[in-house]
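Asker: what's the 3D shape of this:
(chains A and B)
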Number of protein chains: 2
Amino acid sequence: MPRILLKIAYDGTDFAGFQRQPGQRTVEGELDRALTELTGEPVLVIGASRTDAGVHAQCNFAVFDTASRIPPEKFGLALNGRLPEQIRVTRSFEVPPEFHPRRCATEKTYEYHIWSAAYPDPMKRLYSFHTCFDLDTDRMGEAAQYLVGEHDFASFCCVYTQAETTVRTVTSVAVEASGLRQPREIVIRVTGTGFLYNMVRIIAGTLIEVGRGARQPGEVRQMLEAKDRRAAGPTAPAKGLVLVQYRFLDEKLFDMLNHGVL
Amino acid sequence: MPRILLKIAYDGTDFAGFQRQPGQRTVEGELDRALTELTGEPVLVIGASRTDAGVHAQCNFAVFDTASRIPPEKFGLALNGRLPEQIRVTRSFEVPPEFHPRRCATEKTYEYHIWSAAYPDPMKRLYSFHTCFDLDTDRMGEAAQYLVGEHDFASFCCVYTQAETTVRTVTSVAVEASGLRQPREIVIRVTGTGFLYNMVRIIAGTLIEVGRGARQPGEVRQMLEAKDRRAAGPTAPAKGLVLVQYRFLDEKLFDMLNHGVL
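Answerer: As a prediction, the model looks like this:
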């Protein structure tokens, strides 16, 4: 049966995360339901990044197998009419039947959005974390550099992880701000080849502590060395996190995605 | 009794507009309820701009009279705990008892947000109008210039208006885009000393028609001359509209607002 790859974007506010769960509204569950309705086959998709409850995505992927005669590139339009407006399929195409979105080399970019102002902004409340502190973004940027490279991120991982190893490679961490002082939006952009459970949210929580002066930038090195979750800062709220890029590093697939049909 | 001015921001998605209406959830209704609870007095606020259902505001105002001993600048914090998170009071201070926010010279700036892309973006769905058309923003900017100045905007006004005159002064109309091609966000920014019912949404709907090639920029001049609602374009959806600035032109008040206590 042909395997179809869907590129998807979603507002995670109203979902109990990506992964299907009985009795819960999830992104995967909605895709399964819409595809089953559309094709008349019992479809269970395989997701790329299984984001947490409340986390958003501009770019995530899911695959499924189907005997349907719908042309591969038409699934986007056909599914969007059956999906809630919080989820949109933005592209779809056929991939090799052995392709598995989690069992291949990838690079992901997450953004963590902070609204630093005296008061919360109602229009940003679903998509950013509000803090009254006027964060020092130079200090945050300095602290961020200790995270770049291959490290044991055990201190930056939820203790309930099932990962076999806590070593991961972070390609870059950038801290950008929309202005020099409050009110302003601050974005932490983290790219890496893989992330542990809650890792980006713990990185964000730690950099926020550095930004408000509760920690020194150099402490991040000691946090990594400690290999103990208690050494790092708190887990920042899910709503500020967005998966903005998910790149398959396989050259052929990369070309298809970037030059392929819509 | 002292008169207190509140500066407010809100996400209009879940409200039946600003003005109080029996049995409906409105911004004014929520302010009345929260203030009545807080002060123990039956408060009815007077709003500055009475925005439509679904329209957002970064900057709007309301005044009320109170014998309460709460310091004027403390109403923000005290009210925010009693208001839904869709509404925030961002400043509060005492104004002269004769001050009425609609009976004084003001200048308002509205932004209309358009998401121009092959697919809607779930995270922008509540705050912008989505169009598949790749709008020509140069043409939109050219058309916009015909609107600047004092004109009879009868063609750009909902036919159910109660306004005595349809002559208004538009100070500036700017069309900005986040990039040169799709996907991109386009913002129409309109400033003026007063607007008719639905006027900014009809301007936006008209400029979108010009941007996609359905109308010529020069036709805007004929639309103004027609003084007939049917001559202009459609009314763009409310959710793309944000009141971003509301300036009181009285010098003393302007100084208070810009240099006053939080």
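
Asker: For the residue located most distally from the centre of chain A, grab phi and psi.
Answerer: Most distant residue from the mean C-alpha position of chain A: residue A:69, 32.1 Å away (C-alpha atoms, centre = their mean). Here is the backbone geometry of residue A:69 (degrees, to the nearest 10): phi -90, psi 10.

Asker: Same check on residue A:34?
Answerer: Dihedral angles (degrees, to the nearest 10) for residue A:34: phi -60, psi -40.

Asker: what does residue A:88 give?
Answerer: Main-chain torsions, residue A:88, degrees, to the nearest 10: phi -130, psi 130.

Asker: what bridges to it?
Answerer: Note on residue A:88: beta-bridge partners by DSSP bridges are residue A:9.

Asker: Help me confirm that it comes into contact with residue B:121.
Answerer: Yes - contact criterion C-beta atoms under 8 Å: residue A:88 and residue B:121 qualify, at 7.3 Å. (C-beta placed from N, C-alpha, C; glycine too.)

Asker: Overlap of the contact sets of those two?
Answerer: Common neighbours of residue A:88 and residue B:121, using C-beta atoms under 8 Å, 6 or more residues apart in numbering or on different chains, are residue A:9.

Asker: Those two: who's more crowded?
Answerer: The neighbour comparison of residue A:88 against residue B:121 (other C-beta atoms under 10 Å in any protein chain shown) goes to residue A:88, with 24 against 17.

Asker: Name the residues of the stretch 1-150 of chain A found near chain B, please.
Answerer: Residues of the stretch 1-150 of chain A lying close to chain B (C-beta under 8 Å from any C-beta of the partner chain) are A:9-11, A:56, A:58, A:76, A:80, A:85-90, A:118-123, A:125, A:127.

Asker: pull the helix or strand with minimum mean pLDDT from chain A.
Answerer: Using mean pLDDT, DSSP states H and E, helix A:251-259 stands out as the lowest-scoring helix or strand of chain A, at a mean of 70.

Asker: how far does it sit from the chain's center?
Answerer: Here the centre of helix A:251-259 is set off from its chain's centre by 21 Å, with C-alpha atoms, centre = their mean, to the nearest Å.

Asker: With just CA atoms, put that helix into CSV.
Answerer: Taking C-alpha atoms only, helix A:251-259 is exported to CSV below (Å, rounded to 0.1, in the frame of the first residue of the first chain):
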residue,chain,number,x,y,z
GLU,A,251,18.9,14.1,0.9
LYS,A,252,16.3,12.6,-1.4
LEU,A,253,13.5,13.3,1.0
PHE,A,254,14.8,16.8,1.7
ASP,A,255,14.7,17.6,-2.0
MET,A,256,11.1,16.2,-2.3
LEU,A,257,10.0,18.3,0.6
ASN,A,258,11.6,21.5,-0.6
HIS,A,259,10.9,21.2,-4.4
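
Asker: for it, packing partners?
Answerer: Under the contact definition 3 or more C-beta pairs under 8 Å, 6 or more residues apart in numbering or on different chains; DSSP states H and E, helix A:251-259 sits against strand A:87-95, strand A:241-248.

Asker: what comes into contact with it?
Answerer: With contact meaning C-beta under 8 Å, 6+ apart, helix A:251-259 is reached by A:7, A:91, A:93, A:95, A:99, A:104, A:247, A:248.

Asker: Same question for stretch A:197-208.
Answerer: Residues from elsewhere that reach stretch A:197-208 (C-beta under 8 Å, 6+ apart): A:52, A:110, A:112, A:114, A:129, A:131, A:133, A:135, A:140, A:143-144, A:147, A:153, A:155-158, A:160-163, A:168, A:173, A:175, A:188, A:190, A:215, A:220, A:223, A:229, A:232-238, A:240-241.

Asker: Please enumerate the helices of chain A.
Answerer: Remark: helices assigned in chain A by DSSP state H are A:27-39, A:75-80, A:137-144, A:199-211, A:219-226, A:251-259.

Asker: Need the winner for burial among those helices.
Answerer: Compared across the helices of chain A, helix A:199-211 shows the largest average neighbour count, a mean of 25 (mean count of other C-beta atoms under 10 Å in any protein chain shown).

Asker: And the residue farthest from the centre of chain A, what's its pLDDT?
Answerer: The score at residue A:69 is 94. That number is its pLDDT.

Asker: Contact partners for the residue of the stretch 51-200 of chain A found nearest chain B?
Answerer: Nearest residue of the stretch 51-200 of chain A to chain B (C-beta to the nearest C-beta) works out as residue A:122 at 4.1 Å. Shown in contact with residue A:122 (C-beta under 8 Å, 6+ apart): B:9, B:10, B:11, B:56, B:85, B:86, B:87, B:88.

Asker: Done for today, thanks.
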